[in-house]
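Student: Here is a sequence together with a model predicted from it:
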Amino acid sequence: MGRFHRHPDGTEHDHDHDHDDHDHRDVGDHSGYVETGVARIAVLESILSENDRVAAANQADLLSHGVRSINLMSSPGAGKTALLKRTLVTLADELRIGVLEGDIATSLDADELGGLGAEISLVNTSAGFGGECHLDAVMVRSGLGRLPLDRLDLLLIENVGNLVCPAEFNVGEDRKAMVYAVTEGEEKPLKYPVMFRAADVVVVNKIDLLPHLDFDIDRFYANLKGVNPDATVIPLSARTGDGVADWCEWLRRAAVHR
Amino acid sequence: MHELSLCQAILEHVEARAGERAVCRVHVRIGYLRQVVPDSLLFSWEMLTESSDLAGCELVVEHVPAVVHCVACAVDTTLDWPVLACARCESHDVELRSGDELELAWIDVAEEVG
């Protein structure tokens, strides 16, 4: 590992050599000049532009088949799969639903969602270094290939449980939905602002537990509003079913409306 | 740990742009509102490049502050936490001017001789 350091201008990086034989001022502000014998290629492009290109292709494919799509994200254990089960049961007679199930290594969630009338495509993300912590557009593209898109109205993409990484990767979805559980604490929007800021809708799950918790829901709402004033908020309990109708109504509108 | 995925994406850009030329430095700009850990990014970069043609190629990470323009009082202020609000009047009616970057800015390559 090289030497990590920070410049006065805010840049930081590491060197794979020692500084015994020269003063670091030799290097100076890297943005100011280019040393002799070096040519600078300006790129000025998003690091994730290739992912975004594939995401756009996914979106185009989905829309050409008339399929609306929701990217469902949360921390592990917030209740995505429990909510999906309720959702499939509620909407089975109205919408033809596909589920693209992202899981690091297992088929446990996909198995649990079987038999509820939805088409299910499992994407294991373990191909990378010990398991990717998110779905990216390429993984979703491979999962889409295993779904009968011309026989679907709505695709629910269950991302890998993780509050950080999934928010950075567009996969071609129409909307981003986030499941948050009241057991996670009021401060989570401030600690994981990228995820909360990306969400079009925030489902506040496990409200049946509120009488047993010291959870200040107004403080949570204030924190959420500070990070994302535009998010739709739907409190519910995937366990009791309370509030699930509101979520299903949001999905119905998402399925017909852009 | 999406820093590894980010480095993979940076690497693909760099290889496509640089072609046969030797790359000595890669400069990326990361906004304050992104959840990227610089140490993880540098560690991932070293791991991915050490056994490749890019071994020794330096990754420079520039941090871009989150700046919001307040619609109410018309000033630009820098955020020091992730709530999008004017630092002067605390209004939430703000437009983000910077801080969202996840950008490959430039690549320095050895100049071809002759």
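Tutor: That came in fine, so what should we check first?

Student: for the stretch 101-250 of chain A, what spans make up the strands?
Tutor: For the stretch 101-250 of chain A, strands defined by DSSP state E, counting those that start in this stretch occupy the ranges A:119-124, A:154-158, A:175-181, A:201-205, A:232-235.

Student: Near chain B, which residues of the stretch 151-258 of chain A? Just list them.
Tutor: A:164-165, A:167-169, A:190, A:192-194, A:197, A:225-227, A:229 (CB under 8 Å from any CB of the partner chain). Every residue, glycine included, has its C-beta placed from N, CA and C.

Student: low-scoring stretches of chain B, by residue?
Tutor: For chain B, the stretches flagged by pLDDT under 70 are B:1, B:113-114.

Student: Do a quick rundown of the strands in it.
Tutor: Per DSSP state E, chain B carries strands over the ranges B:23-31, B:58-64, B:67-70, B:76-78, B:94-98, B:102-110.

Student: For the ones you listed, please prepare TSV with the additional fields distance to chain A and mean neighbour count.
Tutor: TSV is the format used below for the strands of chain B (distance: least, CB to the nearest CB, whole Å; neighbours: other CB atoms under 10 Å in any protein chain shown):
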stretch	distance to chain A	mean neighbour count
strand B:23-31	6	21
strand B:58-64	5	20
strand B:67-70	12	19
strand B:76-78	12	15
strand B:94-98	10	16
strand B:102-110	5	20
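
Student: just to revisit the earlier point, tell me the most buried of the strands of the stretch 101-250 of chain A?
Tutor: Among these, strand A:154-158 has the highest mean neighbour count (mean count of other CB atoms under 10 Å in any protein chain shown), at a mean of 27.

Student: Residues contacting stretch B:68-85, please?
Tutor: A:190, A:193, A:197, A:226-227, A:229, B:32-33, B:65-67, B:86-89, B:91-97, B:99 (CB atoms under 8 Å, 6 or more residues apart in numbering or on different chains).

Student: what residue ranges in the stretch 1-150 of chain A are flagged as low confidence?
Tutor: Checking the stretch 1-150 of chain A against pLDDT under 70 turns up A:1-33, A:127-131.

Student: Repeat the analysis, applying 80 as the threshold.
Tutor: A:1-35, A:105, A:125-132 (pLDDT under 80).

Student: Test my guess that residue A:170 contacts residue A:54.
Tutor: No: between residue A:170 and residue A:54 no contact is recorded; they are 9.2 Å apart, counting by CB atoms under 8 Å.

Student: which neighbours do those two share?
Tutor: residue A:137.

Student: re earlier: so which of the contacts of stretch B:68-85 sit within helices?
Tutor: A:190, A:193, A:197, A:226-227 (DSSP state H).

Student: Just send those residues back as TSV, with pLDDT and neighbour count too.
Tutor: Listed next are the ones in helices among the contacts of stretch B:68-85 as TSV, based on pLDDT from 0 to 100; neighbours: other CB atoms under 10 Å in any protein chain shown:
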residue	pLDDT	neighbour count
A:190	93	15
A:193	91	23
A:197	94	21
A:226	91	18
A:227	92	23
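
Student: what two of these are the furthest from one another?
Tutor: A:190 and A:197 (11.0 Å; CB to CB).

Student: Can you give the contact residues for stretch A:89-97?
Tutor: Residues contacting stretch A:89-97 (CB under 8 Å, 6+ apart): A:87-88, A:116-119, A:151-156, A:244-245, A:248, A:251-252, A:255.

Student: and it, how far from the chain's centre?
Tutor: Computed by CA atoms, centre = their mean, to the nearest Å, the chain-centroid distance of stretch A:89-97 equals 24 Å.

Student: Can you measure across it, start residue to end residue?
Tutor: Start-to-end span of stretch A:89-97 (CA to CA, to the nearest Å) is 11 Å.

Student: mind listing what's buried in that stretch?
Tutor: Buried residues in stretch A:89-97, defined by neighbour count with 16 or more other CB atoms under 10 Å in any protein chain shown: A:90-91, A:95-97.
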